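Asks: 3D, please:
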Amino acid sequence: MSHLQDKSKDLVSAANLLHTNKLYPAVAHSAYYCCLQLMKHIWLYSLGKSEPNPKNSLHDLLINEIGRYILETNQNDFRVFNNNIKQLKRLRVKADYSDDNFDVVNSNNSLTLSKEI
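Replies: Okay, the predicted model is just below:
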């Protein structure tokens with residue numbers, strides 16, 4: 001198991017602990033980054049790529065490239081992945097940067113999307 005997989009598992013545990021303790025905005029952050037760690041693991045170990053050095057966003061690079069990888073094997077899985085990661089990213093941005101309330105419903109959605117991804 002790579003350290004990225006370990007980090008991802010830790011972030012899942014953190015997201016669940018934060019949710020249990022009603023620290024809802026932090027749930028979205030942890031849920032999103034657990035997926036990002038797994039995408040980076042796939043990039044490095046499943047796809048055999050080198051450490052990414054994007055000109056713009058590492059997040060967008062990984063989302064797009066892992067999406068392409070999934071699309072090659074299953075269009076339905078791609079649609080689920082693409083829809084869910086975009087929703088989770090929006091929730092993370094809302095939790096981290098918005099002045100809007102981030103409640104238990106948003107937190108639950110973050111956890112659910114992360115598990116599906």
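Asks: List the buried residues in the top helix by length along the chain.
Replies: The helix spanning the most residues in the chain, taking DSSP state H as the definition, is helix 75-97. The neighbour-count check on helix 75-97 (16 or more other C-beta atoms under 10 Å) flags 78, 81, 82, 84, 85, 87, 88, 89, 91, 92, 94, 95 as buried. For the C-beta atoms, the positions are set from N, CA and C on the backbone; glycine is no exception.
Asks: can you give me the strands in the chain?
Replies: Per DSSP state E, the chain has no strands. Nothing in it meets that criterion.
Asks: Show me which helix or strand of it is least confident by mean pLDDT.
Replies: When each helix and strand of the chain is scored by mean pLDDT, DSSP states H and E, helix 58-73 comes last, with a mean of 94.
Asks: packing partners for the longest helix of the chain?
Replies: Secondary-structure packing of helix 75-97 (3 or more C-beta pairs under 8 Å, 6 or more residues apart in numbering; DSSP states H and E): helix 24-41, helix 58-73, helix 104-116.
Asks: ok so, going back, and the furthest pair within the buried residues of helix 75-97?
Replies: Spatially, the most separated pair among the buried residues of helix 75-97 is 78 and 95, at 25.7 Å (C-beta to C-beta).
Asks: sorry, back to before: can you redo the helices and strands packed on helix 75-97 as CSV with mean neighbour count?
Replies: Listed next are these as CSV, based on neighbours: other C-beta atoms under 10 Å:
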stretch, mean neighbour count
helix 24-41, 23
helix 58-73, 15
helix 104-116, 18
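Asks: Run through the residues that contact residue 96.
Replies: Residue 96 is in contact with 25, 28, 29, counting by C-beta atoms under 8 Å, 6 or more residues apart in numbering.
Asks: can you rerun that using 6 Å?
Replies: With C-beta atoms under 6 Å, 6 or more residues apart in numbering as the criterion, the residues that contact residue 96 are residue 29.
Asks: I'd like the distance between it and residue 22.
Replies: Shown here: residue 96 relative to residue 22, a distance of 18 Å by C-beta to C-beta, to the nearest Å.
Asks: do residue 2 as well
Replies: For residue 2, the distance to residue 22 (C-beta to C-beta) stands at 32 Å.
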